[in-house]
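Student: below is the structure, and that's it, no one-letter string:
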């Protein structure tokens, strides 16, 4: 799996997890959703994504979006 797909899967997992936790534990978990969304927005402008950097260090195949 490429870095791009791993980043999208990781972001989607965190968003869904935070939504579940906000309904079952505390609404404060929605801050995690906001953080993930803000990170995705800044990555779209700057091309830098911390998750992509970590996945590259772990040996994931390079993708098109995050080089």
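Tutor: It's in. Bear in mind the structure is a predicted one, so any value in this text is a computation, not a measurement.

Student: was I right to think residue 50 contacts residue 39?
Tutor: Yes - using Cβ atoms under 8 Å, residue 50 is in contact with residue 39, at 7.3 Å. Quick note: C-beta positions are derived from backbone N, CA and C, even for glycine.

Student: hmm, residue 4 and residue 61 touching each other?
Tutor: No - here residue 61 does not reach residue 4: they are 9.4 Å apart, not a contact under Cβ under 8 Å.

Student: where does the protein have its least confident helix or strand?
Tutor: helix 50-57 (a mean of 93; mean pLDDT, DSSP states H and E).

Student: name the residues of it that are buried.
Tutor: Neighbour-count burial for helix 50-57, counted by 16 or more other Cβ atoms under 10 Å, picks out 51-52, 55-56.

Student: by contact count, what packs against that helix?
Tutor: Judged by 3 or more Cβ pairs under 8 Å, 6 or more residues apart in numbering; DSSP states H and E, helix 50-57 is in contact with helix 3-24, helix 30-46.

Student: tell me, what residue is most central in the chain?
Tutor: Centroid-nearest residue in the chain, with Cα atoms, centre = their mean: residue 11, separated by 3.0 Å.

Student: ok now do that one, which residues does it touch?
Tutor: When contacts are counted by Cβ atoms under 8 Å, 6 or more residues apart in numbering, residue 11 touches 36, 39-40, 51.

Student: repeat the analysis, applying 6 Å as the threshold.
Tutor: 36, 40 (Cβ atoms under 6 Å, 6 or more residues apart in numbering).

Student: measure it to residue 49 for me?
Tutor: 9 Å (Cβ to Cβ, to the nearest Å).

Student: then residue 65?
Tutor: The value you get for residue 65 to residue 49, if Cβ to Cβ is used, is 8 Å.

Student: and the residue nearest to the centre of the chain, what pLDDT?
Tutor: The model reports residue 11 with a pLDDT of 96.

Student: what does the one 10 residues further on give?
Tutor: For residue 21, the model assigns a pLDDT of 98.

Student: likewise for the one 10 residues further on?
Tutor: At residue 31, the pLDDT value in this model is 98.

Student: the residue nearest to it when sequence neighbours are not counted: how many residues sit nearby?
Tutor: Excluding the flanking residues, the one nearest residue 31 by Cβ to Cβ, 6 or more residues apart in numbering is residue 18, at 8.0 Å. Counted with other Cβ atoms under 10 Å, residues neighbouring residue 18 total 20.
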